[in-house]
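Novice: Fold the following for me, if possible:
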Amino acid sequence: MKTKRNKKIVRITLLFGTVVSLYFVPWLLVWAWILPIPSTMQEQTDKAIDYGFNGIIVYVEKNGQTPNFYTAGFHNTTEKVPAKKDALFKIASISKLYDAVAVSKLVAEGRLDLNKTLADYLPDLKGRIEYANKITLKMMVQHRSGIPNFTDTPDYWSHPYESFDENLKLILDKPAIFDPDEEYNYCNTNYLLINKIMNNTLGYDNFKYIQERILTPLNLNHTFGSIKDVNINDVMSGYHQGHDFDLKTDDIGMVASAEDVGTFLRALNNGELFSKKEQQIYSTLYEYEHSGWVPGYQSFAEYNKENDMVMITFYSTTDSDLILWNLAEIINNRFKKILVKH
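Specialist: Numbers count the residues shown, from 1 in each chain. Modelled structure (predicted):
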C-alpha cells in the first residue's frame, strides 16, 4: 500500500514538473513539436508559413542525385511574389565554413601558420586585445581564443556596423572571457580578425581568393561576398518581428542560393574541395555543417552522414527572443524524419 502511494506521488510530481516546464515554453513551439508529422515535404514546408515565417526555401540532395526544392510563402512579401527556389539569401555564419576552408588552403600553401599568434599577424592589437601574443590563428578558427564577441554588444543588431574598424572598436581594451584555449565560446570577432589576417596576407580581399579556390572550381555562380554585388531584386526579403521594414538591403556578409550552399556542403563533406594535405588540415580544424542568423534571415546547412544527405533550409523571418530559431530547428527535424521515410 505504501509502495503504491509512493508511486502515485512520483507520478503526480512528474506531471507537475511537466506542466511547469510547458508553462515556460512558448505554446507555438509545443504545438509545432506535438502535431502529427505530414507525409510530404511540401506539406511541412507550407505548414512553416502558418507558424509566422514570411518565406522558406528547402534544398535536399541525397547520394549525389538530382536535388529537390520546396518553397512556401513569399520572396517579396509586399509585392506578394511567391518564394523562389533560386533566390539569393543572406547565409550569415554559414560563411565561416568558407573562411575555414580558405584558411586551410592558405596553411597548406605555407602562407598562413596556425600556430602564429594574433600579435604576429596584427601587431597593432598587442595591448588592445588581451593575450594577443598567446592567441593563435587555430584558436580563433576554433572559437577558443577568449576574445569578447562584438555582436554581444547590447542592441548591436539594432544598428549593425559594416566596417572592420567599427566592429573591432566594440571589444578593444576589454578583458578576455577566458584564458586562450581553456574553453570554447562562439565568437564572431574571431572571424572578423581572421578575414583581416587573410586580407593582409593575400594583399587583396579574401573573397576573391574564395572565388578562385572554392567557388569557381565548383561552378558556384550564385554566391557573392555582398549584396552590393547582386541585383537586389534577386535577394529574398527578410523581416524581423516588431520591425516593419524589409531588411534585405542591409549589407551583412555573404549571400548565396540554396543550391550553391548545398553544392558547397556536399563538396566539403566528400572531400572534393581539398587536396590530401588540405583535407588533413581541415579535418582537425573546423566543422562540416553550420547555421547562421542575421536580422531577417535564418539559415541551416546540414549534412546527414548516415543517409548521405545534404539539407539546406532558409527562413526569412527572425525575432529577438529566438523563438523562431527554435521553431526552425523543430521544423528541420520534422523534415529529416519525412526524408528518412522516403
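Novice: Please make it C-alpha for all contacts and neighbour counts, starting now.
Specialist: Will do.
Novice: show me where pLDDT drops low in the stretch 1-150 of the chain?
Specialist: Along the stretch 1-150 of the chain, segments meeting pLDDT under 70 span 1-25.
Novice: can we see that at 50?
Specialist: The model of the stretch 1-150 of the chain has pLDDT under 50 over residues 1-24.
Novice: Please enumerate the strands of it.
Specialist: Listed in chain order, the strands found in the stretch 1-150 of the chain under DSSP state E, counting those that start in this stretch are 55-62, 68-76, 81-82, 89-90.
Novice: Tabulate the ones you listed (a markdown table), appending distance to residue 325 and mean neighbour count.
Specialist: A markdown table is the format used below for the strands of the stretch 1-150 of the chain (distance: least, Cα to Cα, whole Å; neighbours: other Cα atoms under 10 Å):
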| stretch | distance to residue 325 | mean neighbour count |
| --- | --- | --- |
| strand 55-62 | 13 | 23 |
| strand 68-76 | 17 | 21 |
| strand 81-82 | 22 | 13 |
| strand 89-90 | 15 | 31 |
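Novice: Tell me which of those strands lies nearest to residue 112.
Specialist: Closest to residue 112 of the strands of the stretch 1-150 of the chain is strand 89-90 (Cα to Cα; 28.1 Å).
Novice: The closest one pairs with which strands, parallel or anti?
Specialist: Sheet pairing of strand 89-90 (DSSP bridges) gives strand 255-256 (antiparallel).
Novice: list the helices and strands the very next helix or strand once past the strand it pairs with packs on?
Specialist: Next along the chain after strand 255-256, taking DSSP states H and E as the criterion, comes helix 258-270. Counting contacts by 3 or more Cα pairs under 8 Å, 6 or more residues apart in numbering; DSSP states H and E, helix 258-270 packs against strand 55-62, strand 297-304, strand 309-315.
Novice: JSON lines for those strands, including distance to residue 228?
Specialist: Below are the helices and strands packed on helix 258-270 laid out as JSON lines (distance: least, Cα to Cα, whole Å):
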{"stretch": "strand 55-62", "distance to residue 228": "22"}
{"stretch": "strand 297-304", "distance to residue 228": "17"}
{"stretch": "strand 309-315", "distance to residue 228": "20"}
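Novice: looking at these, which is closest to residue 68?
Specialist: For the helices and strands packed on helix 258-270, proximity to residue 68 was assessed by Cα to Cα; strand 55-62 is nearest, at 5.2 Å.
Novice: how far off strand 297-304 does that closest one point, in degrees?
Specialist: With axes from the mean of the first three to the mean of the last three Cα atoms, to 10 degrees as the basis, strand 55-62 and strand 297-304 are set at 10 degrees to each other.
Novice: and strand 55-62, what other elements does it pack with?
Specialist: Counting by 3+ Cα pairs under 8 Å, 6+ apart, strand 55-62 packs on helix 41-50, strand 68-76, helix 258-270, strand 309-315.
Novice: Can you mark which positions in the third one are buried?
Specialist: Of the residues in helix 258-270, those buried under the neighbour-count criterion (16 or more other Cα atoms under 10 Å) are 258-266, 268-269.
Novice: What is the neighbour count of residue 283?
Specialist: Residues lying near residue 283 (other Cα atoms under 10 Å) number 11.
Novice: picking up where we left off before, ok, which of the helices and strands packed on helix 258-270 comes nearest residue 209?
Specialist: Here strand 297-304 is closest among the helices and strands packed on helix 258-270 (Cα to Cα), at 22.1 Å.
Novice: Please, where are all the helices along the stretch 1-150 of the chain?
Specialist: Applying DSSP state H, counting those that start in this stretch to the stretch 1-150 of the chain gives helices spanning 2-24, 27-34, 41-50, 95-108, 118-121, 137-141.
Novice: Contacts only, for residue 183.
Specialist: Listed by Cα atoms under 8 Å, 6 or more residues apart in numbering, the contact set of residue 183 reads 144, 146.
Novice: and it, what are its phi and psi?
Specialist: Torsion angles at residue 183 (phi, psi; degrees, to the nearest 10) stand at phi -150, psi -180.
Novice: now it: how far from residue 147?
Specialist: Distance of residue 183 to residue 147, computed by Cα to Cα, to the nearest Å: 11 Å.
Novice: Correct me if wrong: residue 89 contacts residue 236.
Specialist: Yes. Taking Cα atoms under 8 Å as the definition, residue 89 is a contact partner of residue 236 at 5.8 Å.
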